[in-house]
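Colleague: Build me a structure from this.
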Amino acid sequence: MRRSGSHKRQLSYPKPFQWDHSMDYSPNGKRIIFSRFGRRSGNFVMRSEGSRTHRLKGCGRGTDMVYSPNGHKLAWTGASGSDGQGTTFTDIFTSTKCCVDPFQVTHYGDQPEDQASWASGPNWQPLVSAGTRTR
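Modeller: From the prediction side, this is the model:
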């Protein structure tokens, strides 16, 4: 799409009863990561012009995937447990950009049932350590 908003082009092509969402550009602008729901749900990556779409297998059924500022890692919301009554708890996970060796960052699903909560919408932010002055 041009800056004026003209020349729009569809990049992803979900099948009937599927929908794509939570897209994020890689920091260098060469790739787009997104989640697909419906039949054959999963997480996918494609080139920014829409070619070479492929599934990321190690991230499970995570959603809200985002690239780290340097593009080497991913963060996403993923299922981490259930209360046994149909409620699924979600937490934030990180991994390499190929979804190898995921790491659970938050542990909301590990809380006692009356304190359990959900995490969503991961976002990479600079860390400020104690004693660091900000302007």
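Colleague: Can you show me the helices along this structure?
Modeller: For the chain, no helices turn up when DSSP state H is the criterion.
Colleague: Poorly predicted segments of it, please.
Modeller: Screening the chain residue by residue with the criterion pLDDT under 70, one finds the ranges 82-83, 86-87, 109-117, 126-135.
Colleague: And the residue nearest the centre of it?
Modeller: The centre of the chain sits closest to Met65, judged by CA atoms, centre = their mean, with a distance of 1.1 Å.
Colleague: what sits against that residue?
Modeller: Contacts were defined as CB atoms under 8 Å, 6 or more residues apart in numbering; by that measure Met65 touches 22, 24, 33-35, 43, 59, 74-76. Glycine gets a C-beta too; all of them are placed from N, C-alpha and C.
Colleague: what do you get for Gly121?
Modeller: When contacts are taken as CB under 8 Å, 6+ apart, Gly121 is in contact with 64, 77.
Colleague: and if you look at Trp124?
Modeller: Contacts of Trp124 were listed using CB under 8 Å, 6+ apart, and they are 66-69, 75.
Colleague: Also Trp19?
Modeller: For Trp19, the residues meeting the contact criterion (CB under 8 Å, 6+ apart) are 36-38.
Colleague: Over to Pro69?
Modeller: The neighbourhood of Pro69, defined by CB under 8 Å, 6+ apart, consists of 27, 124.
Colleague: cool, Asp20 as well?
Modeller: By CB under 8 Å, 6+ apart, the contact set of Asp20 is 12, 14, 34-37, 44.
Colleague: how does it look with 7 Å?
Modeller: The contact partners of Asp20, by CB atoms under 7 Å, 6 or more residues apart in numbering, come to 12, 14, 34, 36.
Colleague: same question, Val100
Modeller: Taking CB under 7 Å, 6+ apart as the definition of contact, the neighbours of Val100 are Gly58.
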